[in-house]
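Participant: make a model of this:
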Amino acid sequence: MPRLYLFPVPLSDDTLERVIPEYNIGLVRGVRHFIVENVRSARRFLKKCDRSIDIDSLTFHTLNGQTPPGEIPAMLDPMEKGYDMGVISEAGCPAIADPGADVVAVAQRKGYEVVPLVGPSSIVMSLMASGFNGQSFAFNGYLPIDRSARVARLKELERRIVRERQTQIFIETPYRNNRLIAELCGSLPGSMLLCVASDITGASQSIVTLPLSQWSRRKYDYDKIPTIFLLFS
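Facilitator: Presented below is the predicted three-dimensional model:
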């Protein structure tokens, strides 16, 4: 039976050998058909895995946030013919906060074997290093852009933290990271804990947990750096 491999990719440049097992690379060499979030990024990743891979002989289907749902089942046509396929996201693990989940759902309905592979996940790694509750947590994606809606969402997350003791995780467009921290400090109790996990696995990795009262006085600059935020109390 053909397999759908979920290939994680590095979160930062030049860290492939530290975060991607050789086992994954061996599997990559044998797959000719890929479903990817970004073709250019996927081609670059594959070349880093093995420069001898003939990229031009591979087939790529693009699956991103703009892909019409009706086009997704046809992407798995090579599996109908018995070929293994691979899913590659822009960064981290496919299908985790990633459009790859949609094609995995189709593969499951069709009865294909889905094979998740070991690799870096910013959600999991930031939670591991935060010191927060790792048994109950929620990833919320992006917060609303509208300020009033954002404040309302933050108050909702605060209630979940207090009522359910659930860690709340979210992200922001990198150039607004500093502004988000300031908004958190101004909207939530100073005793609430914020973990800022930046450039995970990269050369400038920084994972810091402090009360918001201390973040409000702290000097920092996370703008333009991939960062993930976690709240707890």
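Participant: need the helices for this protein, in chain order.
Facilitator: Assigned by DSSP state H, the chain shows helices spanning 16-19, 22-29, 39-49, 77-80, 100-110, 122-130, 147-164, 177-187, 212-215.
Participant: between those, which gets nearest to Ile171?
Facilitator: Evaluated with CB to CB, the helices of the chain place helix 122-130 nearest to Ile171, the distance being 8.2 Å. Quick note: C-beta positions are derived from backbone N, CA and C, even for glycine.
Participant: quick one: the residue nearest in space to the middle of the chain from Phe45, how far?
Facilitator: A centroid search over the chain (CA atoms, centre = their mean) returns Gly92, at 5.0 Å, as the residue closest to the centre. Computed as CB to CB, to the nearest Å, the Gly92 to Phe45 distance reads 12 Å.
Participant: got any residues that touch both of the two?
Facilitator: Taking CB atoms under 8 Å, 6 or more residues apart in numbering as the contact rule, Gly92 and Phe45 both touch Val9.
Participant: re earlier: out of the helices of the chain, which is the most enclosed?
Facilitator: helix 122-130 (a mean of 20; mean count of other CB atoms under 10 Å).
Participant: the bottom helix or strand of this protein by mean pLDDT?
Facilitator: The element with the least model confidence among the helices and strands of the chain, by mean pLDDT, DSSP states H and E, is helix 16-19, at a mean of 91.
Participant: so how far is that one off the chain centroid?
Facilitator: On the basis of CA atoms, centre = their mean, to the nearest Å, helix 16-19 sits 17 Å off its chain's mean C-alpha point.
Participant: could you do stretch 94-101 as well?
Facilitator: Offset of stretch 94-101 from its chain centre (CA atoms, centre = their mean): 8 Å.
Participant: try stretch 50-60
Facilitator: 25 Å.
Participant: and what of stretch 190-206?
Facilitator: Offset of stretch 190-206 from its chain centre (CA atoms, centre = their mean): 15 Å.
Participant: over to stretch 189-207?
Facilitator: 16 Å.
Participant: now do the buried residues in it.
Facilitator: By neighbour count with 16 or more other CB atoms under 10 Å, stretch 189-207 contains the buried residues Met192, Leu193, Leu194, Cys195, Val196, Ala197, Ser198, Asp199, Ile200, Gly202, Gln205, Ile207.
Participant: and what of stretch 139-147?
Facilitator: Phe139, Asn140, Leu143.
Participant: TSV for those, including distance to Thr62 and pLDDT?
Facilitator: Shown next, in TSV, are the buried residues of stretch 139-147 (distance: CB to CB, whole Å; pLDDT from 0 to 100):
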residue	distance to Thr62	pLDDT
Phe139	24	97
Asn140	26	97
Leu143	27	95
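Participant: related to what we said a few turns ago, correct me if wrong: the residue nearest to the centre of the chain contacts Met125.
Facilitator: No - here Gly92 lies out of contact with Met125, judged by CB atoms under 8 Å, at a distance of 9.2 Å.
Participant: return the distance of Leu210 relative to Ser191.
Facilitator: Going from Leu210 to Ser191 by CB to CB gives 11 Å.
Participant: nothing else from me, thank you.
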